[in-house]
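**Student:** next input, structure requested:
(3 chains)
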Amino acid sequence: MSDPFELGDEVSAKAPEITPVSAPPSWLEALNPEQRAAVEAVDGPVLVLSGAGTGKTRVLTTRLAYILAQRRAKPWQILAVTFTNRAAREMRERVAALVGPAAEAVWLGTFHALCVRILRRHGELIGIKSNFTILDADDQLRLLKQIMEANDVDSKKWPAQGLMAVIQRWKDRGLTPDRVGREGGSDYAAGRAIPLYQAYQDRLRTLNACDFGDLLLHCLTLFQKQPEVLTEYQTRFHYVMVDEYQDTNVAQYLWLRLLTQTRQNLCCVGDDDQSIYSWRGAEVGNILRFETDFPEAKVIRLERNYRSTPTILSAASHLIAHNEDRLGKTLRTAHGKDSESGAPVKLRGVWDGQEEARWVVDEIEALQTGGQKLTEIAILVRAGFQMLEFEERLITTGVPYRVIGGPRFYERMEIRDAIAYLRVIFQPDDDLAFERIVNKPKRGLGQTTIQKIHLLARAQSTSLMEAAMRMIETDELRPQARNTIRELITDFARWRSLADAMAPAELAAMILEESGYIEMWQRDKSPEAPGRLENLREFVTGLEEWDTIAGFLEHVSLVMDNDAQSTDEGITLMTLHAAKGLEFDTVFLPGWEEDIFPNRRALDEGGQKSLEEERRLAYVGLTRARRRVFVSFAANRRVYNQWQSSIPSRFISELPKEAVEEESDAGLYGQGGGGFGGWSGFADGGVSRAGAGVRRAPRMIDGESYTILPRDTASSYELGDRVFHQKFGYGIIEDIDGTKLDIAFEKAGRKKVLDSFVQPA
DNA sequence: TATTTTGGTCTTTTT
DNA sequence: GACCAAAATA
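**Tutor:** Below you'll find the predicted structure:
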């Protein structure tokens, strides 16, 4: 495995030389005074409060480069922590651009990735084998379900997901089972949450596995129980830097504090107004706490915004000013007074979601005609399900787009299966992987057989693989099942023996072929089968870049980012959360309606605090834009299968009037379609009619409103008609049965579809 | 054992 | 309506 961090000290002799610097390099002079202060304040604790678009990343990368250029530390004596793999990669690239190959040796990565490095190296000291596996969310849930089942927890009453969330939150706060105490959530599952947590941790340990939270948790335990390891890292890291500090949770904070205790050279960069991950355990309090824990800390504010037009900044600032819980920063435009104030925020109310999508895409096409590059346009939605309508419209109009944060490649069923095969070979103790593929493809090994193996494994406390091997020596199984398992185990042994001699890609291709897994999909006549085969091919191709399977497996478990997608030309469609840290010329913010944004469930759960987080999310959305923002809301939306009417988001009325230009369809809310006083009238009108100040569940449109909807197309199709379906594309109708159409799609094959899901093409 | 049928849930955001 | 899991049936 290529692991730059393992090079450690022995590499120091051959470490790449840093370009010597005498005078301040040009990249220092390009900074404004505050930025420069943040870069040059190298020693001691520093907190940089950095508003959106104020050059936060630039400060961090320059600071890192500055430390190197000043020769205050060797590259491997610097620790830089980011939140996403994308940010880590970007920072490495930018530092490399400033100081050259020395950037390679810096300890730079996400909290999780860095913890893995440390645990692989020293985990043995706290009983974690160095080849532990990392479980993804799916595995975690499956495991927890098993445990809850074994403990007779009613899964209807206490869903595993709930307990998972509780456990996750404890881990976010650095709490091992023995230290949970009477924390929130311990009453889950009739007060058995803590023993279940313990059982889950025990199980993980026997599986030689960690979940995401464990990576930090175990690392903390390691530091606390093995002081000499902690000392080693404290000594090693002369300088520590943290990006997106407002998103750190308690465990991460403790981790940082332990590492920086002696030298105190910690620099955190963050923006309390962009804290949008509290649901994942992030504590904005960490920012406030910084000055308490590091009384000597310098606090530097970056308030000059280089990204957005004054108009956009004004809109964003007015909005966020409605939050009470903030440190208070004023964003100023960095452009001179003579610069244009920029186009107003365009606000549009439309009849329903489809029309919203139509409007957005129309505007996009207009921008494209005007010479705007599509890669500079983004649609940012609150939640994933909102993306569908836009995708549909983008497909029909042929505007190229890419989705970030959709179903990820490594999470697809067939890919997970393929990975499970590799895991079984590489880590024979991996019960989850074993279980996943023993009977895939179908080998006639059903529940009863698996159950028996399980029992034996538990009785002898061995892995499933081991138990299976022992079991075929007995006559406990039906001869048929026994033979199948024997063959399977022989296959595994053979593949394992070849693993060292073959390239990973070759090996994987062989396994998928010989196991019959490929064949299984070839025989499958379902429309998605070809796609799955295609994915498998892609998977094998992707493996060609790897020298070892171990390295690849590590990558898979940590890199859940799917931003590495092709650099396609096209607009970007993603959630607001995924958009943090990015910027675009033009940003579309659809779905600004009560209950969608701010999200209803968030409000129900977290009240005022959550409302403020939603508002920060809106702030993040607005500040992604350099030049143009489009905000829209629909009066009606189809949720599940029913129409609901909706009220414009309260955030709309929090935008300053002078920065907004409204252009809505007439007659959305009032009777008679008569004059709307303007955009602010929307929110007022809607709310007051529903009863001022009372938050209501979405109202169903009453019977009469249904007549408005143009949906009465029952069997207006004929055999041979060409139609369009949002998911399957174009096709020809082959058969009609009432409202059910049998359609041969050009791409997706033959499918039965309700007529309401297609439109004439 | 494998396949079909039924019934429940679903839409917050992710390393 | 889609998707998943568990139950019913071949």
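**Student:** so what's residue A:431 closest to, chain neighbours aside?
**Tutor:** Computed as Cβ to Cβ, 6 or more residues apart in numbering, the closest residue to residue A:431 that is not its neighbour in sequence is residue A:464, at 4.6 Å. To be clear about C-beta, it is placed using only N, CA and C from the backbone, and glycine gets the same treatment.
**Student:** for that neighbour, what are its contacts?
**Tutor:** Contacts of residue A:464 were listed using Cβ atoms under 8 Å, 6 or more residues apart in numbering, and they are A:431, A:434-435, A:453-454, A:457.
**Student:** please repeat the previous calculation with a cut-off of 6 Å.
**Tutor:** Contacts for residue A:464 were tallied using Cβ atoms under 6 Å, 6 or more residues apart in numbering; they are A:431, A:434, A:453, A:457.
**Student:** give me the three-state assignment for the residue of the stretch 201-350 of chain A found nearest DNA strand B.
**Tutor:** Using Cβ to the nearest atom of the strand, the closest approach of the stretch 201-350 of chain A to DNA strand B is made by residue A:279 at 3.8 Å. Classification of residue A:279 using DSSP: H, G, I helix; E, B strand; the rest coil returns helix.
**Student:** ditto for residue A:572
**Tutor:** Local secondary structure at residue A:572 is given as strand here, using three-state DSSP.
**Student:** how close does it get to DNA strand C?
**Tutor:** For residue A:572, the distance to DNA strand C (Cβ to the nearest atom of the strand, to the nearest Å) stands at 23 Å.
**Student:** cool, residue A:575 as well?
**Tutor:** 19 Å.
**Student:** and that residue, what are its phi and psi?
**Tutor:** Per-residue torsions, residue A:575: phi -80, psi 160 (degrees, to the nearest 10).
**Student:** ditto for residue A:584
**Tutor:** In this entry, residue A:584 is assigned phi and psi values of phi -140, psi 160 (degrees, to the nearest 10).
**Student:** let me see the contact set for it.
**Tutor:** Residue A:584 is in contact with A:376, A:378, A:624, counting by Cβ under 6 Å, 6+ apart.
**Student:** relative to residue A:29, how far out is whichever residue of the stretch 401-550 of chain A sits closest to DNA strand B?
**Tutor:** Across the stretch 401-550 of chain A, no residue is closer to DNA strand B than residue A:446, which sits at 2.7 Å (Cβ to the nearest atom of the strand). Residue A:446 sits at a distance of 71 Å from residue A:29 (criterion: Cβ to Cβ, to the nearest Å).
**Student:** dump the contacts of residue A:464 into TSV; add distance to DNA strand B, secondary structure and neighbour count as well.
**Tutor:** As requested, those are exported to TSV (distance: Cβ to the nearest atom of the strand, whole Å; DSSP: H, G, I helix; E, B strand; the rest coil; neighbours: other Cβ atoms under 10 Å):
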residue	distance to DNA strand B	secondary structure	neighbour count
A:431	18	helix	26
A:434	16	helix	25
A:453	11	helix	27
A:457	17	helix	21
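**Student:** which one is the residue of chain A most remote from its centre nearest to, not counting chain neighbours?
**Tutor:** When each C-alpha in chain A is compared with the mean C-alpha position (Cα atoms, centre = their mean), residue A:475 comes out farthest, at 48.4 Å. Using Cβ to Cβ, 6+ apart and skipping residues adjacent in sequence, the residue nearest residue A:475 is residue A:482, 7.8 Å away.
**Student:** next, count neighbours for that neighbour.
**Tutor:** Here the number of neighbours of residue A:482 (other Cβ atoms under 10 Å) works out to 18.
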